[in-house]
Each structure stands twice: as C-alpha cells, then as structure tokens.
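Visitor: when you get a sec, could you give me coordinates for this:
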Amino acid sequence: QVQLVESGGGLVQAGGSLRLSCAASGRTFSSYAMGWFRQAPGKTREFLAAIRWDGGSSLYAASVKGRFTISRDTAKSTIYLQMNSLKPEDTAVYYCNFRNNYYKDFWGQGTQVTVSS
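Guide: Numbering: from 1, shown residues only. Got it, this is the predicted structure:
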C-alpha cells in the first residue's frame with residue numbers, strides 16, 4: 001500500500017502562484033510515476049501532469065503546460081506542482097496520484113485550490 005498526503009492548497013488571487021506538495025509513504029519503491037489531477041464541481045477528474053520516478057521525464061496537459069511545473073524529490077518520496085499565472089478556472093480540488101510498476105493507482109485525499117478573480 002501507498003499513502004499520499006497533499007499540502008499547499010489555499011486561496012489565491014488570479015495571476016498568483018501556489019506550490020502543492022505530495023508526500024508518499026509505504027511501498028514507494030514500487031513507483032512507476034506520480035502525478036497531479038484536479039476535479040472542479042460538476043466536472044470529471046482531469047489529468048494535469050505526471051513525472052516518471054525513474055529518469056524524471058514529465059508530461060503535461062495542454063491546459064496547464066507553460067504555467068504549471070511538476071518536479072520530484074526522490075529522497076523525500078515527494079512531488080511538487082508549481083502553479084503560476086493562476087486563473088479562476090483553475091479552482092478545483094487537486095489530487096496526487098501514485099502509479100506503481102503494476103499500473104495500480106493510489107490517490108491522496110485532495111487539497112482545495114481556489115482562485116479569486
């Protein structure tokens with residue numbers, strides 16, 4: 001099992017920045033990749049970014065590419081999401097995802113990000 005704890009959400013004005021963190025514990029040695037998703041009220045969960053644990057290659061959704069940056073600290077089993085130029089439409093609950101080498105997914109509890117106009 002893997003446990004994920006997100007932090008860093010909050011209220012920010014449009015144009016501002018936030019950095020989310022997600023700390024993984026448990027069987028983290030089995031990590032294939034970790035990533036971030038979000039879900040706004042009334043909408044489906046949306047992929048944002050992912051990073052390979054081995055090598056660190058990353059992938060972004062078009063909606064956030066150029067504004068959001070995913071990074072990892074393998075020693076701390078932690079990933080980050082630096083979010084810049086935030087927009088009101090970025091308001092959502094942000095979830096951390098851990099995918100192991102068997103392509104099983106684990107999820108964090110989510111952290112609220114609210115961007116005011």
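Visitor: looking at the residue positioned nearest the centre of the chain now. What's its pLDDT?
Guide: What sits nearest the mean C-alpha location of the chain, by CA atoms, centre = their mean, is W36, with 2.6 Å. In this model, W36 is scored at 98, pLDDT.
Visitor: quickly list what it is bridged to.
Guide: Per DSSP bridges, the residues bridged to W36 are A49, C96.
Visitor: so it touches A92, yeah?
Guide: No - distance between W36 and A92: 10.6 Å, which falls outside the contact criterion (CB atoms under 8 Å). The C-beta positions use only the backbone N, C-alpha and C, and glycine is treated the same way.
Visitor: which elements pack onto the helix or strand harbouring S21?
Guide: Secondary structure from DSSP states H and E places S21 in strand 18-26. Strand 18-26 is packed against strand 2-7, strand 31-39, strand 78-83, strand 92-100, strand 111-116, with contacts defined by 3 or more CB pairs under 8 Å, 6 or more residues apart in numbering; DSSP states H and E.
Visitor: ok, 6 Å please
Guide: The contact analysis (3 or more CB pairs under 6 Å, 6 or more residues apart in numbering; DSSP states H and E) places strand 18-26 against strand 2-7, strand 78-83, strand 92-100.
Visitor: and the helix or strand following the last one, what does it pack against?
Guide: For strand 92-100, the following helix or strand on the C-terminal side (DSSP H and E) is strand 105-107. Packing partners of strand 105-107 (3+ CB pairs under 6 Å, 6+ apart): strand 92-100.
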